[in-house]
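Novice: Here's a sequence, model it:
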Amino acid sequence: MGVEEEVQEKRGRGGRPPAGREGDVEQRLLAAATKLFLERGYEGTSCDQVALDARAGKASIYSRFANKQALFSAVVDNMLARSFAQDDVEMEMPLRERLAAVGLRVLADALHPDAVALLRLVVAELPRFANGGLHADQLVWRAGVRRVATAIALGQPDRVDDAIGAAEYFIDIAVMPAVMRAMLGESTEQLQASGPKRISDAVVSLAANGWLEGWGR
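Specialist: Below you'll find the model as predicted:
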């Protein structure tokens, strides 16, 4: 099989995805883009290669993403969207226990090797996006704030925004120090191992500073 035939085989006839797979084109593009950005960096990744690896035609990628910057922003947004998913916690679980449970999940997600690698890439590319498309407040760890606020206000969805301050305090002391150490090269396995104590200490500090008052038991 020649190079051109291999390209067409990967992309599907006429540069389009094979029949029955059109519905997942965007997710395949994002998955391929995430893999390439992490492996090759921003400069080393091209939209054409993303389309090829995703088994899609050029039209498929350019009809969804105007350029590589838009694709990169979409990759970050996709990771954040997954992190914003509501955590499964029991209503009957005491506040401190559910806060600790969600905190551990947020920490685990933030310390996932792919998350740390993407965060490094985001920080490195922030100047490129200074005029829009990607902002510092979209850094991976920010997704944890909403999750923690939701855990604090569980059963009171109209009060989630009221819990944002407490959630930011929690993330700042429980998650960010570990994330920064991971970005500097410290073992994520060791940081994960110290996670339970880190989260437990953060819950105690949150309570001691009055952040949990008025949120039930």
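
Novice: Every contact and neighbour count from this point should use C-alpha atoms.
Specialist: Noted.

Novice: Enumerate the helices of the protein by residue range, in sequence order.
Specialist: 3-11, 25-40, 47-53, 58-62, 68-83, 95-110, 113-125, 143-152, 164-174, 176-183, 188-193, 195-208 (DSSP state H).

Novice: will you turn these into JSON lines that also has mean pLDDT and distance to residue 89?
Specialist: As requested, the helices of the chain are arranged in JSON lines below (pLDDT from 0 to 100; distance: least, CA to CA, whole Å):
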{"stretch": "helix 3-11", "mean pLDDT": "41", "distance to residue 89": "42"}
{"stretch": "helix 25-40", "mean pLDDT": "92", "distance to residue 89": "28"}
{"stretch": "helix 47-53", "mean pLDDT": "93", "distance to residue 89": "37"}
{"stretch": "helix 58-62", "mean pLDDT": "87", "distance to residue 89": "38"}
{"stretch": "helix 68-83", "mean pLDDT": "83", "distance to residue 89": "15"}
{"stretch": "helix 95-110", "mean pLDDT": "91", "distance to residue 89": "6"}
{"stretch": "helix 113-125", "mean pLDDT": "84", "distance to residue 89": "23"}
{"stretch": "helix 143-152", "mean pLDDT": "88", "distance to residue 89": "8"}
{"stretch": "helix 164-174", "mean pLDDT": "93", "distance to residue 89": "16"}
{"stretch": "helix 176-183", "mean pLDDT": "91", "distance to residue 89": "23"}
{"stretch": "helix 188-193", "mean pLDDT": "94", "distance to residue 89": "21"}
{"stretch": "helix 195-208", "mean pLDDT": "95", "distance to residue 89": "16"}
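
Novice: tell me the most buried of those?
Specialist: Of all the helices of the chain, helix 143-152 carries the top mean neighbour count, a mean of 25, counting by mean count of other CA atoms under 10 Å.

Novice: Point out the other elements, helices or strands, that it touches.
Specialist: Applying 3 or more CA pairs under 8 Å, 6 or more residues apart in numbering; DSSP states H and E, we find helix 143-152 packed against helix 68-83, helix 95-110, helix 164-174.

Novice: my guess is residue 106 contacts residue 149, does it?
Specialist: No. Under the criterion of CA atoms under 8 Å, residue 106 is not in contact with residue 149, lying 11.8 Å apart.

Novice: Tell me which of the helices of the chain lies nearest to residue 216.
Specialist: Proximity to residue 216 (CA to CA) singles out helix 95-110 among the helices of the chain, at 7.0 Å.
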